[in-house]
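>>> Fold the following.
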Amino acid sequence: ECPPPGSRRACEFYSIYTDMLDANHASFDGKKVVDASSGSGYGFPSMAPKRHGITAAGTWIVDRVKTIDAYPAEDHLATILSEMRGGGGGAHNVVLDLALMKAPFPLRGQGVVGTDEDGKWLIQEAYKAGVDVVGLRTTKEQQTSYTDVMVSKSTGRRTFFHNRGANRLLDDDDLDPGTSKIIHVANLTLLDRIDFSAARTLQRLRASGVKTSVDAASSGPKRLGEVVVPALDHIDYLILNEVEAGDCAGIEVRKADGSLDRDALAAAARKLRRDNVVVVHMPEGAFAASAEGELWMPSKKAPKIISALGAGDALCAGVLYGLHEGWPIQQCLDLGHLAASACLGHETTTGGLRPVSEL
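Here you go, the predicted structure:
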């Protein structure tokens, strides 16, 4: 019997477990291994008997977070004030945030990590938080993806230097919703083997009866237009920041002075909406377009801003929590803002999250 998540034995157990994964994937020559006890494999049935829980699939990254005094111009120097390691990537952040919020439903993580220490550390941390990690595949072909994150103490803004690593190897076959109610596919445009077949992948997932949720990386209008826009008909919940929404819709949502153009923002959300929910978030607040109508909700005031790293994913986690529970969209956005506000108070992507009752 597995030890309870959070115990020292759990960590030791999962160190052994990840070694076994290494041997498994080597012996199967790269073929995926399906958990037979789940009742659903990568060739899952067309309809699950009862759906409950959230699966987060996509990028799993180790963030090497360095807080600097200020971001320098080229050829200039910045002083590193502190540094630490944290988990990152959209799938990691969303599912860990939900675990830390004590979501009352099953949580599953899916992605690809290396057989290196970073990969084992990501698996162990997720397992200790209570996340089902059977869907985290290990590989020797690539190292675990990592990002050097420079956080400016003076502004709280972040700059990223990213190695895509093992995330390049995530395949359509790796995405299995099992009996989850929602599968969240995180960071489209960074998933090399899925991006240009995203519409087909999401259509396949939806055919199983699961609700599909998607966010994307800020990869520019061309990439977003090629990857996200063709998949819109197969997305139940589309959660983007204002830059990504504007790029997908081909609408500039900020004015020349940098201020938000609320009318343009609403137009962009409407253009992206099909028979689904569209949520667009930004520092000023969040806008939702759904069957309930359109709603603008300003951000919560954060007690202290240390870093904006992971704040968008925290909002996404809060919104998905509410959607899973069948809440009105206003309540979903409210929890999303509370989660984002908590995230802003910590250097890492998930360290600021707490149970919902404490947010």
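
>>> Could I get the full set of helices for this protein?
8-27, 90-100, 117-128, 198-207, 221-227, 242-249, 262-272, 311-324, 329-343 (DSSP state H).

>>> tell me the most buried of those helices?
Compared across those, helix 90-100 shows the largest average neighbour count, a mean of 30 (mean count of other C-beta atoms under 10 Å). From N, CA and C alone the C-beta is placed, and that goes for glycine too.

>>> Which other helices and strands does that helix contact?
strand 54-58, strand 107-114, helix 117-128, strand 182-188, helix 311-324 (3 or more C-beta pairs under 8 Å, 6 or more residues apart in numbering; DSSP states H and E).

>>> Which strands border the shortest one, and is each parallel or antiparallel?
Pointing back at strand 54-58 there. strand 107-114 (parallel), strand 182-188 (parallel) (DSSP bridges).

>>> Quick one: mean pLDDT over that strand.
In this model, strand 54-58 has a mean pLDDT of 98.

>>> Over to stretch 299-317?
In the prediction, stretch 299-317 has an average pLDDT of 90.

>>> Endpoint to endpoint, it covers what distance?
15 Å (C-alpha to C-alpha, to the nearest Å).

>>> Need the contact partners of stretch 74-88.
59-72, 93, 96, 121-122, 125-126, 147, 149-150, 153, 309-310, 347-351 (C-beta atoms under 8 Å, 6 or more residues apart in numbering).

>>> List the buried residues of it.
By neighbour count on 16 or more other C-beta atoms under 10 Å, the buried set for stretch 74-88 is 86, 87, 88.

>>> residue closest to the middle of this structure?
Centroid-nearest residue in the chain, with C-alpha atoms, centre = their mean: residue 90, separated by 2.3 Å.

>>> related to what we said a few turns ago, reformat the strands paired with strand 54-58 as CSV; add mean neighbour count.
Formatted as CSV, those follow (neighbours: other C-beta atoms under 10 Å):
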stretch, mean neighbour count
strand 107-114, 27
strand 182-188, 26
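
>>> Include mean pLDDT and distance to residue 219 when you put those into a markdown table, please.
As requested, the strands paired with strand 54-58 are exported to a markdown table (pLDDT from 0 to 100; distance: least, C-beta to C-beta, whole Å):
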| stretch | mean pLDDT | distance to residue 219 |
| --- | --- | --- |
| strand 107-114 | 98 | 18 |
| strand 182-188 | 97 | 9 |
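
>>> JSON lines for those strands, including distance to residue 213?
Shown next, in JSON lines, are the strands paired with strand 54-58 (distance: least, C-beta to C-beta, whole Å):
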{"stretch": "strand 107-114", "distance to residue 213": "13"}
{"stretch": "strand 182-188", "distance to residue 213": "4"}
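
>>> Which among the ones you listed is found nearest to residue 236?
strand 182-188 (7.9 Å; C-beta to C-beta).

>>> Check what contacts that closest one and list those residues.
53-59, 89-91, 93-94, 167, 175, 177, 191, 194-195, 198, 201-202, 205, 210-217, 227-228, 231, 236-237, 313, 316, 320, 323-324.

>>> and residue 133, how far is that from residue 311?
25 Å (C-beta to C-beta, to the nearest Å).

>>> And residue 229, how far from residue 172?
Residue 229 is 19 Å from residue 172, by C-beta to C-beta.

>>> got it, and residue 75?
44 Å.

>>> again, but for residue 267
Relative to residue 172, and taking C-beta to C-beta, residue 267 is found at 33 Å.

>>> How about residue 314?
28 Å.

>>> what do you get for residue 315?
Residue 315 is 28 Å from residue 172, by C-beta to C-beta.

>>> what's the span of stretch 110-130 from first residue to last?
End to end - C-alpha to C-alpha - stretch 110-130 spans 14 Å.

>>> starting at the chain centroid, how far to it?
15 Å (C-alpha atoms, centre = their mean, to the nearest Å).

>>> And for stretch 176-183?
Worked out by C-alpha atoms, centre = their mean, stretch 176-183 lies 15 Å from the chain centre.

>>> Please apply the same query to stretch 150-169.
For stretch 150-169, the distance to the chain centre is 14 Å (C-alpha atoms, centre = their mean).

>>> In that stretch, which residues are buried?
Buried residues in stretch 150-169 (16+ other C-beta under 10 Å): 150-153, 156, 158, 162-169.

>>> Widest-spaced pair of those residues?
Of all pairs in the buried residues of stretch 150-169, the most separated under C-beta to C-beta is 153 and 169 at 35.7 Å.

>>> so who does residue 314 touch?
Per C-beta under 8 Å, 6+ apart, neighbours of residue 314: 93, 97, 336, 339, 340, 342, 343, 349, 350, 352, 353.

>>> how about the nearest residue to the fourth one, chain neighbours excluded?
To tie it back to what came earlier, the one meant is residue 339. In space, residue 339 comes closest to residue 318 once its chain neighbours are excluded; the distance is 3.7 Å by C-beta to C-beta, 6 or more residues apart in numbering.

>>> that older thread, nearest to residue 142, of the helices and strands packed on helix 90-100?
That would be strand 107-114 among those, by C-beta to C-beta, at 6.0 Å.

>>> which residues does residue 211 bridge with?
Beta-bridge partners of residue 211, as defined by DSSP bridges: residue 182.
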